[in-house]
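Participant: I'll drop the sequence and a predicted model, then ask my questions.
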Amino acid sequence: MFPFSFEWAWDIPHLVFHGALWYVLSIVGLGLTYCIIKSAVDTFREEDNGHH
Amino acid sequence: METTPLIPQGVKRCSKLQFSLWMAAAGAVLLWGVYAMYLVWFKGLNQTNMNDAYGFALWIWADLAVIALGGGAFFTGFLTYIIGKDKLKNIINYAVIIGFICYSSALLILAIDIGQPLRGWFIFWHANVHSMLTEVAFCLSCYFAVLTIEFLPIIFENPKLDRVPFLHHLSHNMHRIMAVFAATGVFLSFFHQGSLGGVSGVLFGRPFAFREGINVWPWTFFLFTWSAAACGPCFTILVTWITEKLTRKKLVKDDVIQLLAKISGWMLATYIIAKIADTLYWAMVTAPSMGFSFMDFYSGNPVYGIWILILEIVICGIVPAVILITRKGREAKSLLMLGVVLAVVGVCVNRWVMILQMLAVPVVPFEEWFMYAPSWQEVATTILPVAYGILVISLAHRYLPVFPQERELNPTN
Amino acid sequence: MNTNDQQQPVSDTASPGTGDASGKGKNGSGWIILLFFVIGLIGSLAGGWLFFPDLLYSEKQQPIDFNHKLHMGVVYEGCQSCHYFREDGSFSGIPDLYSCSGCHQYPQGTNPEEKKFIEEYVRPNKAVPWLVYSEQPDCVFFSHAAHVKGADMKCQTCHGKMGQTTHARPYQENRLTGYSRDIWGYNIARLGEPKYGLRMKMNDCAECHKKRTGHKGACFQCHQ
Amino acid sequence: MKIDRRSFISLGVGVVAGTTLTPVPWKLMDDISIWTQNWPWTPVPKEGADTYKTSVCTLCPGGCGIQVRKIMDRAVKIDGLPEHPINRGTLCPLGLSGLQFLYGPSRVKAPMKRVGKRGEGKWQEISWDEAVSAVTKKLKELREKEKPHSVAWVAGTDKGTVPRLIGRFLTAYGSPNFIRPPSVHDAYELAVYLMQGQEGAVGFDIENADHVLSFGTGLLQGWGAPVRMLNIYGEQHDSRKIVQIETRLSDTAAKADQWVPINPGTEGALALGIAHVMIKESLYDQSFINQSVFGFEDWTDDHGTRHIGFKTLVREDYSPETVAEKTGVPKATIEKLARRFARADKPIAISGRGEGLLPGSLSECMAVHSLNALVGNINKPGGVSVTSEPEYAKWPEVNIDMTASRGMQQPRVDGAGGSKYPNARYLLHRLPEVINSAKGESPVQALFVSDANPLYTLPNTKATKAAFDRIPFLVSFSSFMDETASHSDYILPNHVFLERYEDVPTPSASVQPIIGLAKPVVRPVYNTRHVGDVVLQVAKSLGSFVEKAFPWKDYQGYLKSALKDYWDQLEEKGFVKVKNAKDFPWANRFNTATGKFEFYPSARNQPSKNDKKALPNFSPVPIEGKPEQYPLVLMPYDAMRLTSGDVGNPPFMTKTIDDTVLKGQTVFVEINPATARKIGASEGERATVATPRGRAKVRLHLFEGIAPGVIAMPKGFGHTAYSKYLAGKGVNFNDLIGPISDPLSGLNTAWGIRAKIDRA
Amino acid sequence: MKEEHGDKHTKRYGMVIDLDKCTGCGACMVACYAENNVPFKKDETDKLDSLNWIRIFQLTNGKPYPDTEICYLPMPCQHCDGIGKHGHPPCVSVCPAIATDYDDSTGVVSQIPTRCFGCRYCMAACPYHARKFNWWDPVWPADTKKYLNPNVSTRMRGVVEKCTLCFHRYQQARDKAYLEGREEIYESEYQPACAQACPTNAITFGDLNNPDHAVFKLKNSPRAFRLLERLHTNPKVYYLSSKTWVRRAGDNYLENESRPKSNRQKIHS
């Protein structure tokens, strides 16, 4: 799963498989992070603006 | 009736007492399952009736079946967010919840099923990228994460949680980019549904299950995705209908259901054509090349006869497909439900055949058919997800605004 | 707590629009939440990195404080004088009592540890329960012959300066697995130069194999 | 400052987020996995230097050489000894399981005294001194009562130093009752004694034979030295024909070049039918028959009475037609069998059923042995010969006192050598009947059992148990909690073969005399003692003449003195091939009255009134039960994966047993599908098999290889003792059958019993 | 049908089992238990819940008395070379955690119980049922722990195990060779416990690529066949039998035979 795990190999099957995996994980992770940060900012901004 | 802040506004819910009794009943079943699960975890898999010939058994079937049925989530999501069938937004929440239940159950079953649960993470860390099961595990977990992400905003819409500003925003923001998650989910689903098909399809030591295909993907890879896309939504329709019956009110408008049914119907129709083609090729070319005749797989044992093929393809394939693609069939409520039920049974039978019948068929000529009946622990742990699903659905339905059309269809005053 | 909860908003609304500072005060809950998050984060980071490793391992003393250096001075064939290959190619590992008592039937010097060794083990003919720093799990087949004879490696390459030690250092045992800490390495993150010889997890084997032979090897090469 | 629930939630989130960034979860995850890989309850075998010790396996009379791999002080594996002539580096499943006897769960760990009722399983551990003095006390008491002859000793074999020691002890003490359990060799030995006048074990030089005609003998199922037979079978597969005459398609029949199915119990008739064809077609060895035999042609005795010879007998009574009718073997087959046998270069005929734990009928044995005479293949390489035991050092004669002398003059309790059965040496199967029918107190007052388990191996277990219950003093020397040990008063556990010295005489049925030496491979695991040492100690504490008969300090000293010249070589190699034997020194020298091979044995006290009874003939052994009531015939069968003798099947071997032989705790009875169809039974069905002697719950296995009307059952199950890995599995065949004494020899001949099947 | 794989330099250890010689005595099974620390339970009659790295099947020709014949067939892991290319046995590629692999230098299919987490996919993949699952915690009663072989790890509950061709003996032989400065390992130095014990010498073991080894010639015997050749699992265990019905029982039908209507013989085990 990681380049430092025993089974890792820099070959095509690994790159395809894990490439896809990390691609998906990145999208999901980035999307989620975006939502969380955006929501936190929204929350603060809203509180600053004083309306609920 | 009650109106605590926990319950969404403007909808009717049953009394606390009635709800508690219902939950207690389901909880008792759940506890039974949990006890069996405890036995399996602490005493080992000897608690099951599995054996060296039946390494996969009831659980794995249940796993495959719930994943196929949970396919409603990704396919409805695909139709809603990517194709843009806006009408389906009225059922997408429920599809997501059902998918969430199915996939969390699947993961739980896998955790019970493996002999060394504490080492389960090896499948990720020491992943063998050539194994279909690895692909299943990764996609399953990732997709489960996606489903959770899709489920969360619905949870945050609970009136009480919605009052928390952060959660309110989070819910809103997640909704906004839901299409991205949904697309990822579709991608993941395509692969793991397919890989589940690949699980048996790649076994070239098992002429009953082995299929040729494209590159590393056997035909079952595509057939499984296809059938999940076809039958998953049927399960969503079925559960929606059961929920409506139990709560005694209409939750989703007919046109929504019928749109979904129509798409399912066409998916099912095309799937079954492909399945028939696959079966013919397998029976006439693949299996004979491995030294087996078609009837070897359907004779010489007390259970598996040609009937199971007829059941799967004709009764639970062609028949529901015909019902669902004809307007008359869809519009007659009882016919529609018959079609939906048959489709659901069909996909379950397919998974059974591909896993359990596969293991029953003797390959070495001097071995006999292997027959198996599950132990109570297996049954209990298989029913556990059902009870768990009922609990989650009940809670979701009571406290979350799952059905956008509910208020409109059931005006409180 | 509850009453606080109820009172707080009152005081909040009591001073509306008193500028930035009070604005923060009003919305202080946000910052406090953040502060608590940071406290939790830093606290757990500190606990996990600083205290956890010591909690995970228990420390044991060797039964006899063995002086490798001293022995190296009096034997002729270096390490293999005591840690020899048997005829069948297997490696003897830690010498058994019989090997030791060849010389130590009677005290050779005045070292109290030697005296202890003779009294507690040689006389009653009891095997010494040495704690092996590099003990591998049972599933591992490590061929000393392949490394020392086949690949001509030096003992020091893996075991470091063990031969030059004058005292037996404490043996740290993983409370969960029962293994020596040497296997994982003393640095919990497995970074930096290893303290005593090489780290001996499978990945460490693989790294060297990859470097020297070009591949990590088949399972059965090193497993039984 | 406002600290509320949300703050704590936030703290929690922080802790979780922080922890994921520490080694804690990841290292723990790894360590927990490593813990599962090394569960403390899953043993880890200790490493260490390995050594190999050579010894000899004594678990059966095969005497295979073994090498035991040791790691430090643990024995970890038994393999065959490559240089041993019997097994040449290979081994049978029993020998390979040897360490399960050493370390297994059924060992008796110390001397025991019974405290509950007999067989109740309540024991008290005692010291060896107490054990020896208890035995001494009883023996003294019996001598004082002038009843030394009421002591009997059942020992596993009568060959080797331990039986000699026991025999010497009994002689000095005053009892003639040394008894060896029955085996097929009783019949062989008696037959060659009668026909050749030679005493000794019968060896079959199958290595050099090219045609083996086996009358139901389990050549590949544990007969003789089992590994020797399997070795021979495997190594010269193409150069030797094996013909198996048997009712059931046994493993031997299956692997034979030809299987001749036969009606049960008619093997003797077939042998004579074959003789008929050979004589009729003049296929016999003319020179041997003309020069070296007596009783082939008709003859006239000293009184002028005319007697018929073997030739006349078989020509008159055993024409292929008659024999075909009796045996069910077609006439053409009989003729072919005869021609092939006769034309072979080195043909051997072998009789005796299965693995050979049953003596069988003397006349059948003689009939089959006649075939060996007809081809003149006796006392020749590639033939049948009598081997004598290698000579050990001679010991001083035993001086005995009056009590002992009077005791020794008493008839043997089993009747062997008496007026009724003058030729028999041991008749253990008669013991239960003798005791049970005795009026008043039991003729056996004290019974010692070593290397034997009569409560399991004797037919009619119920009667045996009743008899043993009448014996007031019962001592077992068994290393294991077997049936006899668990019913005895004292258990004085012997070392198992890996812990003790013992000489192993020439392997059963082998031509080449070999002495093997079992050596202590490991130190005794438990508080056990060599039976030889116990005998010496008992002798010592009995004092006077008995003590004087034993000038040795301990068994090892005694053994060394007995093996004298061989000792060093034995210590080093583990076995010695005794030289002179290879030359077949007894070739064509028969010790009969006529100096010839006698078809008509003159050793019988007087010529029989009925010549046909004196000559090798077919006198069918009646089997118990009425055909109307019991329409089927039940036969036992032996298998390599199941020991049926005194040694209980070890767990490893039980594990190899097919699920068509044993399922759960229930044994299968083999039945022909046609027979099953008649009673409407189907595969795997549960049923009760009933014989005149008992009933047993079984399951049915439909097997085409068993003759219709016959059912078969494996021997070796139905143990009630040993450990849970053996006890309670299946049925002891001896529960279902009783002994039938051969009117000629007294030997047990019961090869089967009538039975019926009641479907459950 | 008898395909050859690999060049002459790599070893391909395998065995040839002469069914004409096998008498079903069970020595191979017991030798295997003893060598490989295979545990035993009270009831071992459920053969699908019984750890056997080599199991003897009894085949019959199904003909009625007295034309019945039986044949014993010992079946260890077939150490398949696999379909198409070298090193793709049915079980190896399916393992999600690489607990089993194909060793290119010896052709042995390994199984590492400590890596295995018990998903049993490999068991489903193996047509020979050569892979066994540890349904129970192994127990060695009384002092039987003492006879455990230190060269073979005991397995824990919840993992798959199978025949390793006694690979630890190869490791030991290799150690000795290293010590003696040898490259080659002699044929006699590396023999699995079953082959060593077999009293009829029915089991021959060696390097199928090495013309000096006995198996090299035997595998080309006209009596030779392999189980289920049509699946292209390409086993390294060859069987010899002079009987047509036995050879037919090993494959579903024979090469030169026209396909029978139903190719499955009614052969009971």
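Facilitator: Nice, I can see it. Residues are numbered from 1 along each chain as shown, chains lettered A, B, ... in the order given.

Participant: quick check: residues of chain A near chain C?
Facilitator: Residues of chain A lying close to chain C by C-beta under 8 Å from any C-beta of the partner chain are A:Phe4, A:Ser5, A:Phe6, A:Thr43, A:Phe44, A:Glu47, A:Asp48, A:Gly50. C-beta coordinates here come from the backbone N, C-alpha and C atoms, glycine included.

Participant: B:Leu311 against B:Val349, yeah?
Facilitator: Yes: between B:Leu311 and B:Val349 there is a contact under C-beta atoms under 8 Å: 5.8 Å.

Participant: more crowded one of these two?
Facilitator: When B:Leu311 is set against B:Val349 and neighbours are counted by other C-beta atoms under 10 Å in any protein chain shown, the residue ahead is B:Val349, at 21 against 18.

Participant: contacting residues around the more buried one?
Facilitator: Shown in contact with B:Val349 (C-beta atoms under 8 Å, 6 or more residues apart in numbering or on different chains): B:Ile308, B:Leu311, B:Glu312, B:Cys316.

Participant: which pLDDT value goes with the closest residue to the last one other than its chain neighbours?
Facilitator: Just to be clear, that refers to B:Cys316. Leaving aside its sequence neighbours, B:Cys316 sits nearest to B:Gly346 (C-beta to C-beta, 6 or more residues apart in numbering or on different chains; 2.8 Å). Here, the pLDDT recorded for B:Gly346 equals 96.

Participant: can I assume A:Leu21 is in contact with B:Glu135?
Facilitator: No: judged on C-beta under 8 Å, A:Leu21 makes no contact with B:Glu135 at a distance of 9.4 Å.

Participant: point out where the stretch 301-413 of chain B drops to low pLDDT.
Facilitator: For the stretch 301-413 of chain B, applying pLDDT under 70 flags the ranges B:413.

Participant: what does chain D give?
Facilitator: D:1-2, D:237, D:580-588, D:603-609.

Participant: likewise for chain A?
Facilitator: Scanning chain A for pLDDT under 70 picks out A:49-52.

Participant: check contacts around the closest residue to chain E within it.
Facilitator: Here chain A gets closest to chain E at one residue, A:Glu7, 5.5 Å apart by C-beta to the nearest C-beta. Going by C-beta under 8 Å, 6+ apart, A:Glu7 touches B:His126, B:Ala127, B:Asn128, E:Ile98.

Participant: if we use 6 Å, what do you get?
Facilitator: Contact analysis of A:Glu7 by C-beta atoms under 6 Å, 6 or more residues apart in numbering or on different chains lists B:His126, E:Ile98.

Participant: for it, helix, strand, or coil?
Facilitator: Assigned by DSSP: H, G, I helix; E, B strand; the rest coil, the conformation of A:Glu7 is coil.

Participant: over to E:Leu59?
Facilitator: Applying three-state DSSP: E:Leu59 is strand.

Participant: which neighbours do A:Leu21 and B:Glu135 share?
Facilitator: By C-beta under 6 Å, 6+ apart, no residue touches both A:Leu21 and B:Glu135.

Participant: quick one: which of the two has more around it?
Facilitator: Counted by other C-beta under 10 Å, A:Leu21 and B:Glu135 do not tie: B:Glu135 has more neighbours, with 26 against 19.

Participant: quick one: the helix or strand containing the more buried one near chain E?
Facilitator: According to DSSP states H and E, B:Glu135 maps onto helix B:132-156. Yes: under the criterion of C-beta under 6 Å from any C-beta of the partner chain, chain E is reached by helix B:132-156 at B:Leu133, B:Thr134.

Participant: that helix: how far from the chain's middle?
Facilitator: Helix B:132-156 sits 13 Å away from the centroid of its parent chain (C-alpha atoms, centre = their mean, to the nearest Å).

Participant: what average pLDDT does it get?
Facilitator: Per-residue pLDDT over helix B:132-156 has a mean of 92.

Participant: perfect, I'm done here.
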